[in-house]
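[1] Could you work out the structure for the sequence below:
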Amino acid sequence: MSEVRLIPYRTEEVLETTSEVPKGIEMIEAPALWERTERGKGNVIAIIDTGCEADHPDLKGRIIDGKNFTTDYDGDGANFSDNNGHGTHVSGTVAAIEDGKGVVGAAPQASLLVLKVLTGEGSGKMQWIIDAIDYATNWTGPDGEKVRVISMSLGGPTDIPELHKVIQEAVNQEISVVCAAGNEGDGREETGEYAYPGAYNEVIQVGAVDFECNLAEFTNTNNEIDLVAPGVNILSTYLESKYARLSGTSMATPHVSGAIALIINLVEEQFQRRMTEAEIFAQLVKRTVPLGHSKVAEGNGLLSLALQDKLEGLLLAPNRKQESLVRPYSTTR
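    Numbers count the residues shown, from 1 in each chain. Presented below is the predicted three-dimensional model:
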């Protein structure tokens, strides 16, 4: 079975310290939902990547469990430490804590299940990834928690039936599987580039834009793109308790993974029941804004978590105006 590598990405800058809400988190409007969604609390997101620096000050308390599927650390399954940096960066975009220091993730109270499937060199066996997806699908937490989202910023050029099958099983178990589109784009929307697992229909495939809503020159385009998110110069957690700005569809993907945790809490409170994966996907797509690119480049558009609030405000405003003009008939002269 073939090997898989990290989707190539760019390291733009490494910082010793920072204190800000990253632009990407602001761009997807995550803070607008925090108060009503308990910041994603109660949702477990499986990060299938290079591991995570568990003692990073911005990630302390966010990791509920983890496992190493690689040969790193002499194959010690309990050691899921990140010796690359990619997984820590992805984890921070999903769920870095909100404490006024460092950075903050899209769902700062969500829990992370860290599954290390790539070595420090960024490579791994396809079987490790298949095993990790199966593990996440069947995992149960100490209080009966189950995984609601699987986030994968990795891929390869080959369609592997065994990989497809285990992803289908995860989706059948009502888990949202979010995958990076890939960074093999040639800058032309009309030519398709496919990377797996992102290109499978069952997953939520994420492309990348910059902060000006321009399509990233590296982002793959194909007829399975579902939406786009910020993926250029993204600030998040990094090794040695540092921070880094990275670029790639790998960076766009965790914005969506964290956002889904917020959407789950929002709509399950509204509907007063547990939502299916298909229903959560529909709610996600409702919160996208077309940017003017072709559908094979941007899918449904840019993730915009506050969009429904804005639309409801517009719809209710005329009604409020009409109400102000209506007066009860008087029975007195």
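[2] switch to C-alpha atoms for all contacts and neighbour counts from now on
    Will do.
[3] Who are the packing partners of the biggest helix by length in the chain?
    Secondary structure of the chain read by DSSP state H shows that its longest helix is helix 249-271. Here helix 249-271 touches helix 31-37, strand 44-49, helix 86-95, strand 147-152, strand 176-180, strand 204-209, strand 225-230, helix 277-285, going by 3 or more CA pairs under 8 Å, 6 or more residues apart in numbering; DSSP states H and E.
[4] what's the average pLDDT for stretch 42-58?
    The pLDDT scores in stretch 42-58 average 98.
[5] next one: stretch 237-251
    The average pLDDT within stretch 237-251 is 97.
[6] ok, now stretch 96-104?
    Averaging the model's pLDDT scores along stretch 96-104 yields 95.
[7] Check which residues of it are buried.
    The neighbour-count criterion (16 or more other CA atoms under 10 Å) identifies 96-98, 102-104 as the buried residues of stretch 96-104.
[8] what does stretch 53-68 give?
    By neighbour count, and taking 16+ other CA under 10 Å as the criterion, the buried residues in stretch 53-68 are 53-54, 56-59, 61-68.
[9] try stretch 33-47
    Within stretch 33-47, the residues that qualify as buried are 33-34, 37-47, counting by 16+ other CA under 10 Å.
[10] So which residues of the chain form helices?
    Along the chain, counting by DSSP H, helices occupy 23-27, 31-37, 86-95, 126-138, 161-172, 249-271, 277-285, 295-298, 307-325.
[11] how about the CA coordinates for the second one, as PDB?
    Listed next in PDB are the C-alpha coordinates belonging to helix 31-37 (Å, rounded to 0.1, in the frame of the first residue of the first chain):
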ATOM      1  CA  PRO A  31     -16.200  34.900  17.500                       C
ATOM      2  CA  ALA A  32     -19.800  35.800  16.500                       C
ATOM      3  CA  LEU A  33     -21.000  32.300  17.500                       C
ATOM      4  CA  TRP A  34     -18.800  31.700  20.600                       C
ATOM      5  CA  GLU A  35     -21.300  32.900  23.200                       C
ATOM      6  CA  ARG A  36     -24.200  30.900  21.900                       C
ATOM      7  CA  THR A  37     -22.200  27.700  21.300                       C
END
